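Enquirer: Predicted model and sequence follow; I will ask about them next.
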Amino acid sequence: TLLAWLTRAMEGRLFLNFFLVSLILTAALPPLWERYNAAFNRWFFSRQARRERHLEALERALDGVWEVEGIEAAVKGAVRSAWGAEAELLWENKALRGIEGAVALPAELRGPLKEDPTPSTAAVLRRASEEGGRKQLLEAMKRRAAEAVVPVLREGELIAAVFVGAPSQGYFDLSAVRWLRRLGQSIARAARSAELARGLLRADRLAQLGTLSAGIVHEVRNPLSAILGAVELLRRNSPGIDRDEYLDILAKEVMRLDGTVSELLDYAAARPGKGRCEWAPVWGRVEKLLRAALPHDLALIGAGEDRALAISAGHLQQILLNLVRNAARAACSEAARQKDGRPSVRVEVSASAGRALIEVSDTGPGVPAEMLPRLFTPFATASEGGTGLGLATVRRLAELYGGRAWAENGERGARFFVEIPEAEMVD
């Protein structure tokens, strides 16, 4: 009709008009198509790139995550950001090593997910729902309002499944299936890393337990041997034995055992308290407690302004008592007294960037270089008569409040540092 109208209007032949229209369309359509195709490609690939960035962000978020809860939170955030959908992780806890998922994968779903370990959408499962396993899987997806399920395999073994809700665009396309497959691979890598980290942590704890047990045996056996020897001599009632002397030995060794047990309890039972105290009253109390027990010629020097620390007063006092006693023992040792000068211990508190730094320095011989790396390990001690639990307790208490403890040798003597977060001062 259009060509006939053009023929009458232009008083030309039909073929000529058809040729002219075809020529116009041939010239106009390719540029329009190219523009449309370019716009579509830009939109499509920009969407793909955005989703790829979400996967990369997920990989970064999963790096160093040791807990199943952390993995679940990162995955849910990535699915929500990329697809506008919700996600739920169900875990095959029997297959996990050292970690445990919050929600277990139902037993009836394990078979279908193992048979087809690729991501499946609800649309695909509906077309094949006659098979028993797929029908069960589809019913489970309906109960969870899910539009896709992603099996998570670690080295070919099913460890979890991700149920993904309906995306904001209303359906999952082919690119979405590839994205979901990569999601499952990321979860598998994260679970494997968490398992390895947990395994290393358990091995480290077992090694520490072995060291602790060996130290306990050593610290308990020595006084027990002395007690047994004194009892045997008293039992023989040999002439010339000073009973009072051996009774004193018994009393001292029992007190030594009691001290070891007390230090063990301090180390093992350390728990965070209320988490706030002021420096001045705690330091004043420590000075009074220690002054009578310290050698009369030892100079105990305190320095620094009053500050509020994010640690309980009892735990700060315990840290100071351990450090000052060790420092006093080193400063008054025979090796230190052979040098010139009066033995002294200096305790100073300062602050920087919201953290308080406690420094305890002495005029002793210093810490042997080979001892410095393991100085805060239970039962590692450089002083005669020490159990090695005092400094281990110092570090443990500092770390409970987000702080740290370390030591180094100064120009003369050792320097011990404890860093604790500051708290707000109260008028």
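Expert: That came through, no problem.
Enquirer: the helices in the stretch 301-427 of the chain, which residues?
Expert: Taking DSSP state H, counting those that start in this stretch as the test, the helices found in the stretch 301-427 of the chain are 313-331, 334-337, 390-400.
Enquirer: how about the last one: buried residues?
Expert: Spelled out, it's helix 390-400. Using 16 or more other C-beta atoms under 10 Å as the test for burial, helix 390-400 gives 390, 391, 392, 393, 394, 395, 396, 397, 398, 400. Quick note: C-beta positions are derived from backbone N, CA and C, even for glycine.
Enquirer: where in the stretch 201-350 of the chain is pLDDT low?
Expert: By pLDDT under 70, the low-scoring segments of the stretch 201-350 of the chain are 204-219, 221-222, 238-241, 259-260, 262-274, 336-340.
Enquirer: Would you map the strands across it?
Expert: 277-278, 299-303, 308-309, 344-352 (DSSP state E, counting those that start in this stretch).
Enquirer: so which of those strands comes closest to residue 53?
Expert: Residue 53 lies closest, by C-beta to C-beta, to one member of the strands of the stretch 201-350 of the chain: strand 344-352, at 37.9 Å.
Enquirer: CA atoms of that closest one as PDB?
Expert: C-alpha atoms of strand 344-352 as PDB (Å, rounded to 0.1, in the frame of the first residue of the first chain):
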ATOM      1  CA  SER A 344      66.400   0.800  90.800                       C
ATOM      2  CA  VAL A 345      63.100   0.000  89.000                       C
ATOM      3  CA  ARG A 346      61.300   2.700  87.000                       C
ATOM      4  CA  VAL A 347      57.600   2.400  86.200                       C
ATOM      5  CA  GLU A 348      56.300   5.000  83.700                       C
ATOM      6  CA  VAL A 349      53.000   5.500  81.900                       C
ATOM      7  CA  SER A 350      52.500   7.500  78.700                       C
ATOM      8  CA  ALA A 351      49.900   7.600  75.900                       C
ATOM      9  CA  SER A 352      49.800   8.000  72.200                       C
END
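Enquirer: and residue 146, which of the helices of the stretch 301-427 of the chain is closest to it?
Expert: Once the helices of the stretch 301-427 of the chain are compared by C-beta to C-beta, helix 390-400 is nearest, at 42.4 Å.
Enquirer: Tell me what angle the closest one forms with helix 313-331.
Expert: Inter-element angle recorded for helix 390-400 and helix 313-331: 150 degrees (by axes from the mean of the first three to the mean of the last three C-alpha atoms, to 10 degrees).
Enquirer: for helix 390-400, packing partners?
Expert: Counting contacts by 3 or more C-beta pairs under 8 Å, 6 or more residues apart in numbering; DSSP states H and E, helix 390-400 packs against helix 243-268, helix 313-331, strand 404-409, strand 414-421.
Enquirer: Turn those into TSV, columns for mean neighbour count and distance to residue 344.
Expert: Listed next are the helices and strands packed on helix 390-400 as TSV, based on neighbours: other C-beta atoms under 10 Å; distance: least, C-beta to C-beta, whole Å:
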stretch	mean neighbour count	distance to residue 344
helix 243-268	14	26
helix 313-331	22	6
strand 404-409	16	16
strand 414-421	21	13
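Enquirer: so residue 421 makes contact with residue 309?
Expert: Yes. Using C-beta atoms under 8 Å, residue 421 makes contact with residue 309 at a distance of 7.5 Å.
Enquirer: anything in contact with each of the two?
Expert: Common neighbours of residue 421 and residue 309 are listed as residue 356 (criterion: C-beta atoms under 8 Å, 6 or more residues apart in numbering).
Enquirer: Nearest to residue 227, out of the helices and strands packed on helix 390-400?
Expert: Of all the helices and strands packed on helix 390-400, helix 243-268 comes closest under C-beta to C-beta, at 4.9 Å.
Enquirer: related to what we said a few turns ago, which one of the strands of the stretch 201-350 of the chain has the most crowded surroundings?
Expert: Most buried of the strands of the stretch 201-350 of the chain by mean neighbour count (mean count of other C-beta atoms under 10 Å) is strand 308-309; its value is a mean of 21.
Enquirer: Please spell out which residues along stretch 95-111 are buried.
Expert: Quick answer for stretch 95-111 (16+ other C-beta under 10 Å): 95, 96, 99, 101, 105, 109, 110.
Enquirer: Go through those residues and name the one nearest residue 242.
Expert: Checking the buried residues of stretch 95-111 one by one against residue 242 (C-beta to C-beta), the nearest turns out to be residue 99, at 62.5 Å.
Enquirer: can you give me phi and psi for that closest one?
Expert: phi -130, psi 160 (degrees, to the nearest 10).
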